[in-house]
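Asks: Here's a sequence, model it:
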Amino acid sequence: MISFNDLGLIDPIKKALAAEGYTTPTPIQQKAIPLLLQKKDLLGCAQTGTGKTAAFAIPILQLLHNQQSPIVGVRKVKALIVTPTRELAIQIGESFAAYGKFLHLRHTVIFGGVGQKAQTDALQKGVDIIIATPGRLLDLMNQRFISLKDVSFFVLDEADRMLDMGFVHDVKKLIAVLPTRRQSLFFSATMPPSIVQLADTILRDPEKVEVTPVSSTADTINQAVYFVDKNSKNELLLHVLNDKNIETALVFTRTKHGADKIVKLLVGHKIKAEAIHGNKSQNARQRALENFKAKSIRVLVATDIAARGIDIDELAHVINFEIPNISETYVHRIGRTGRAGANGTAFSFCDADEKEFLKDIHKLIGKTIPVIDEHPFPLLGFATPAVKKGGNSGSSQGHRRPKPANAGGSNRKFSGNRKRTE
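Replies: Numbering: from 1, shown residues only. Sure thing, here's the model as predicted:
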C-alpha cells in the first residue's frame, strides 16, 4: 500500500501530514502529486470528497518551498487558487495552513460579502499564495491591491460549478492577465463540452487524472427518494427527522427564502437548525457551519451556493427537500456525505413537478434511485398505500421498502437510516 512517504515529499510536509493523521493518500493524491511535482499541467476529473484539495495543495507548497529565495521587500504572489464559493475558499485556506504549518510560506483567503480591510492588510504585508473567489479578486486587482504578474502556479477548482454560477467571464479576465509561463491545474467534477473547451484555454499539454466515472455518485452513499405532494414536504421532513438515528442532517433547498422557512419550521418543532445561504453575512455563515460541525445544531439548511463548500467528515445524512433542476447539482449535493470511503445516506423529496428532474438525474448517474413507498404523505396517484400517520413514523419501519422508481414493489428492506459506520 502506498503511503505519503512514497510520494517524494519533503520532511516538513510529511511532518504536517502526520500531525493531521494522514497516512495513506487517496487515489487522486497518489496520481496527481507525483505529476505536479514534475511541474506538469493537470486536468483532474474528481467528485467532491476525493481529497483533491490535498492533491494540489501539497505539491504547490513543496514547489514553492523549493524555489524560495531570500525575501527582498514585500512577498510576491506566486500561487493563485480560484474557487466558486466563500466556504470552499475558506476550506482550501485551512488546508494550506495545515499542510504548510512547518514551512515559511504565507497565504490569504479573498472573498466578497465582508469588508475588505482585513484582506487588503494581509495583502500589503505580502503573501505567497492567494485563495480567492473571482468577484472580490478582480475587485482588488482593479484597486491595485493584487498583482498576478509573478504567479507561477494557477488552480481553477470546481470549474463546472464556476460556470453554473456565471463566473465564466470573470475566469477569462483572470486568465488574460496571468503569466504565460506557469503551471496550471484544472479540476471539475463533471466534464461537459463547455468545461473541456475552457480547460483547453488554460492548460498546456496536460496530464489527465480521473478517479471516478464522470458524474457518478459514490457507492458508499445509500440513496432513496420519497414521492410526496409539494404541500406535504414540511410534514415529511419532520417525519423523517423523527428517526433518532439521524444525529445531524444537511437539508438542501432551491431558494434562500425556502431555507429560512424550513429553519423556522424546525425550530418551531424544537429541532435546532440554522440556514446558510448568500443573504447571510460571512460571519453568520461561518458560525452556522461551526455550530453544525460541533453538533450544537442538528440540521443545517443550505442553498446550492454551499453545496461544495461544506466539508464535514462525519456528515451521515443529506436531504434534498427539493429536487435540483440541474442534474449535476444532485451529484454535488449528495457528495457532502459518504466522503473518504465512509457510509452516508441521501434522501430526496420529489413532487409531481419534479419527476422530470429525477429522470434527468437517473440518466446522468447511470442508475435508478430506490423509492421509499411507505410513508404517511404519499404523492397521490403514484405511491403504494402508506403506513398510517402516527404508526411507525419515528422508527426505521417508517422508511422501508424502497423500489426502483420505474418498477413495481419490492420486499427489500432499506437500511439507509442506520447510523454511519466508520
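
Asks: how much space is there between L265 and N291?
Replies: When distance is defined by Cβ to Cβ, to the nearest Å, L265 is 18 Å away from N291. Any C-beta I mention is one placed from the backbone N, CA and C, and that applies to glycine too.

Asks: same question but for K76, I mixed them up
Replies: Distance from K76 to N291, by Cβ to Cβ: 38 Å.

Asks: Ok, P376 next?
Replies: The gap separating P376 from N291 is 30 Å, by Cβ to Cβ.

Asks: Ok, L137 next?
Replies: Noted for L137: a distance of 29 Å to N291, by Cβ to Cβ.

Asks: neighbour-wise, which of those two wins?
Replies: Between L137 and N291, counting by other Cβ atoms under 10 Å, L137 is the more crowded of the two (24 against 15).

Asks: Am I right that the more buried one is in contact with L174?
Replies: Yes: between L137 and L174 there is a contact under Cβ atoms under 8 Å: 7.1 Å.

Asks: overlap in contacts of those two?
Replies: Common contacts of L137 and L174 (Cβ atoms under 8 Å, 6 or more residues apart in numbering): V82.

Asks: In contact with the closest residue to H317 other than its chain neighbours, which residues?
Replies: Among residues not flanking H317 along the chain, A249 sits closest, at 4.2 Å (Cβ to Cβ, 6 or more residues apart in numbering). By Cβ under 8 Å, 6+ apart, A249 lies in contact with L241, R298, V299, L300, H317, V318, I319.

Asks: Locate K208 within the secondary structure: which element?
Replies: Per DSSP states H and E: K208 is located in strand 207-210.

Asks: Let's see the following helix or strand past that strand as PDB, backbone CA atoms only.
Replies: Using DSSP H and E, the helix or strand that follows strand 207-210 in sequence is strand 221-227. Output of strand 221-227 as PDB, limited to C-alpha atoms (Å, rounded to 0.1, in the frame of the first residue of the first chain):
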ATOM      1  CA  ILE A 221     -24.000   6.700  -0.400                       C
ATOM      2  CA  ASN A 222     -27.300   5.000   0.200                       C
ATOM      3  CA  GLN A 223     -29.800   6.900  -2.000                       C
ATOM      4  CA  ALA A 224     -33.600   6.900  -1.800                       C
ATOM      5  CA  VAL A 225     -36.400   9.100  -3.000                       C
ATOM      6  CA  TYR A 226     -39.800   9.800  -1.400                       C
ATOM      7  CA  PHE A 227     -42.600  10.800  -3.800                       C
END
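
Asks: Off-centre distance for strand 221-227?
Replies: 19 Å (Cα atoms, centre = their mean, to the nearest Å).

Asks: Show me what that strand packs onto, helices and strands only.
Replies: Helices and strands touching strand 221-227, by 3 or more Cβ pairs under 8 Å, 6 or more residues apart in numbering; DSSP states H and E, are strand 344-350, strand 370-372.

Asks: Tell me what angle the longest one forms with strand 221-227.
Replies: Direction vectors for strand 344-350 and strand 221-227, defined by axes from the mean of the first three to the mean of the last three Cα atoms, to 10 degrees, enclose an angle of 20 degrees.

Asks: can you tell me the average pLDDT over strand 344-350?
Replies: Average pLDDT, strand 344-350: 96.

Asks: Residue numbering should commence at 733 henceforth.
Replies: Understood, numbering begins at 733; the last thing we discussed is strand 1076-1082.

Asks: CA atoms only for it, dumped as CSV, please.
Replies: This file holds the C-alpha atoms of strand 1076-1082, laid out as CSV (Å, rounded to 0.1, in the frame of the first residue of the first chain):
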residue,chain,number,x,y,z
GLY,A,1076,-23.7,8.1,4.0
THR,A,1077,-27.4,8.4,3.2
ALA,A,1078,-29.1,10.8,0.8
PHE,A,1079,-32.9,11.2,0.8
SER,A,1080,-34.7,13.2,-1.9
PHE,A,1081,-38.3,14.6,-1.7
CYS,A,1082,-39.9,14.5,-5.2
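
Asks: Just give the number of residues close to D1092.
Replies: A count of neighbours around D1092, defined by other Cβ under 10 Å, yields 17.

Asks: actually A778, not the one I wrote
Replies: A778 has 21 neighbours, counted by other Cβ under 10 Å.

Asks: got a list of what it touches?
Replies: I760, K784, A787, F919, A921, V941, E942, V943, T944.

Asks: Just give me the least confident of the residues you listed.
Replies: Lowest pLDDT within the contacts of A778 is found at T944 (65).

Asks: Hmm, A1034 and T1061 touching each other?
Replies: No: with contact defined as Cβ under 8 Å, T1061 does not count as touching A1034 (12.0 Å).

Asks: And these two? Which one has more around it.
Replies: Per other Cβ under 10 Å, whichever of T1061 and A1034 has more neighbours is A1034, with 27 against 21.

Asks: need the contact list for that one.
Replies: By Cβ under 8 Å, 6+ apart, the contact list for A1034 reads L982, V983, F984, T985, A991, A1007, I1008, H1009, I1042.

Asks: Return the residues in contact with R913.
Replies: R913 sits next to S884 when contact means Cβ under 8 Å, 6+ apart.

Asks: Backbone dihedrals for it, please?
Replies: When read as degrees, to the nearest 10, the backbone of R913 gives phi -90, psi 100.

Asks: Could you report the pLDDT at it?
Replies: We have a pLDDT of 94 for R913.

Asks: got it, and the one 5 residues further on?
Replies: What the model reports for F918 is a pLDDT of 96.

Asks: need the helices for the stretch 933-1082 of the chain, in chain order.
Replies: Here the stretch 933-1082 of the chain has its helices, by DSSP state H, counting those that start in this stretch, at 965-973, 988-1000, 1014-1025, 1059-1066.

Asks: Pretty sure E967 sits against P1108.
Replies: Yes: counting by Cβ under 8 Å, E967 touches P1108, with 7.4 Å between them.

Asks: and for the two, which residues touch both?
Replies: Shared contacts of E967 and P1108, counting by Cβ under 8 Å, 6+ apart, come down to nothing at all.

Asks: mind checking the SS state of K746?
Replies: Classification of K746 using DSSP: H, G, I helix; E, B strand; the rest coil returns helix.

Asks: L739 is in contact with that one, correct?
Replies: No: K746 is not in contact with L739 according to Cβ under 8 Å; the separation is 9.0 Å.

Asks: Compare these two (neighbour count), which wins?
Replies: L739 (20 against 17).

Asks: if I look at that one, how far off is K849?
Replies: According to Cβ to Cβ, L739 and K849 sit 40 Å apart.
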